[in-house]
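Undergrad: Quick one, fold the following:
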Amino acid sequence: MNATKAEVVVVAMAEVFRGGGEIVASPMGVIPQLGAKLARLTFEPDLLMSDGEAYLMTTDGVVEGWQPFRKMLDTIVPHGRRHVVMGANQIDRYGNQNISAIGDHARPTKQLLGVRGAPGNTINHRTSYWVPRHSTRVFVESVDVVSGVGYDNAAKAGPSAQKYHDVHRVVSNLGVFDFGGADHAMRAVSLHPGVTADEVTAATTFEVDFSGVATSREPTGEELRLIREVVDPKSLRDKEVPA
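TA: Alright, predicted model coming up:
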């Protein structure tokens, strides 16, 4: 069975949770949810899934435990035991994320969600980002508003802000990126099959480190079965990542 681009992306998203162990996964969005579910069903069986309100859930919606948000804030969030995947309207080379506003802060051209929980997420535990359309509008030289804290700003805030700060991965429709470049600059980890470095360069405002870049792996036969029959039988993935 040949994998679609969307299925490759789901596997790439699952991989961001590899090695996490018994942590709470908070995937926001269709592809992040599918990736987290696939990871739990395969190589990360100890991953804890939350409904975002009061319960820990299995991949098929069965309640496993009580996890009200107050308990999450008291026992999970401040101690690095969570991995959240958020979206990003803008992200820069050091992992600063903007979901608040576009344009000058005093008079923005577009009002978005506001910073929401992004500052606390990025300072307190592992954070990754999902960008369904990789473009120069999203991958910018400098974000207009710092919502999620990147490596340069965490360093300016001092050791207390750096203790659990961990911007882990950015997954887009073109590839997977981390911040293992010079001074924690963005680096390409893998490009999805058929995607070239030139395509990524054209869709990114800043320079990306391609040293050591690989090709994103395709799903195994069992992973394809799980994606198509268990975690996403309605093929919602194809609406978010067209072929």
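Undergrad: Could you pull out the helices in this protein for me?
TA: Assigned by DSSP state H, the helices in the chain fall at 5-15, 30-41, 69-71, 118-124, 151-157, 159-162, 197-202, 221-225, 236-240.
Undergrad: Could you pull up the mean pLDDT of the first one?
TA: Confidence for helix 5-15, expressed as mean pLDDT, is 98.
Undergrad: So what angle separates the directions of that helix and helix 30-41?
TA: Here the directions of helix 5-15 and helix 30-41 differ by 60 degrees (axes from the mean of the first three to the mean of the last three Cα atoms, to 10 degrees).
Undergrad: just to revisit the earlier point, got a markdown table for the helices of the chain, with mean neighbour count and distance to Asp144 too?
TA: Placement of C-beta: from N, CA and C, glycine included. Below are the helices of the chain laid out as a markdown table (neighbours: other Cβ atoms under 10 Å; distance: least, Cβ to Cβ, whole Å):
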| stretch | mean neighbour count | distance to Asp144 |
| --- | --- | --- |
| helix 5-15 | 25 | 26 |
| helix 30-41 | 24 | 24 |
| helix 69-71 | 11 | 29 |
| helix 118-124 | 22 | 14 |
| helix 151-157 | 17 | 14 |
| helix 159-162 | 12 | 21 |
| helix 197-202 | 13 | 22 |
| helix 221-225 | 14 | 38 |
| helix 236-240 | 16 | 25 |
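Undergrad: Quickly, which of these bottoms out on average pLDDT?
TA: helix 69-71 (a mean of 66).
Undergrad: looking at the helices of the chain, which is closest to Glu22?
TA: helix 30-41 (11.1 Å; Cβ to Cβ).
Undergrad: And the lowest mean pLDDT element among the helices and strands of the chain?
TA: Ranked by mean pLDDT, DSSP states H and E, the weakest helix or strand in the chain is strand 55-57, scoring a mean of 61.
Undergrad: now the nearest residue to Thr201 once chain neighbours are set aside: how far from Ile123?
TA: Spatially, and ignoring its direct neighbours in sequence, Thr201 is nearest to Val208 (6.7 Å; Cβ to Cβ, 6 or more residues apart in numbering). Val208 sits 25 Å away from Ile123, going by Cβ to Cβ, to the nearest Å.
Undergrad: Between the two ends of stretch 96-108, how far is it?
TA: 18 Å (Cα to Cα, to the nearest Å).
Undergrad: where does Gly80 land on pLDDT?
TA: Looking at Gly80, its pLDDT is 64.
Undergrad: What is the burial count for Gly117?
TA: Using other Cβ atoms under 10 Å, Gly117 has 16 neighbouring residues.
Undergrad: What of Gly61?
TA: Gly61, neighbours per other Cβ under 10 Å, totals 9.
Undergrad: one step back: might you report the residue contacts of the residue nearest to Thr201?
TA: 177, 186-188, 197, 200-201 (Cβ atoms under 8 Å, 6 or more residues apart in numbering).
Undergrad: where in this protein is pLDDT low?
TA: Counting by pLDDT under 70, the chain has low-confidence residues at 1, 51-58, 63, 66-80.
Undergrad: again, 90 this time
TA: Applying pLDDT under 90 to the chain picks out residues 1, 21-26, 48-82, 104-106, 113-114, 116-117, 119-121, 123-125, 157-164, 242-243.
Undergrad: distance of the nearest residue to Ser135 once chain neighbours are set aside from Thr196?
TA: Leaving out its chain neighbours, the residue that sits closest to Ser135 by Cβ to Cβ, 6+ apart is Ala203, at 5.2 Å. Separation of Ala203 from Thr196 (Cβ to Cβ): 11 Å.
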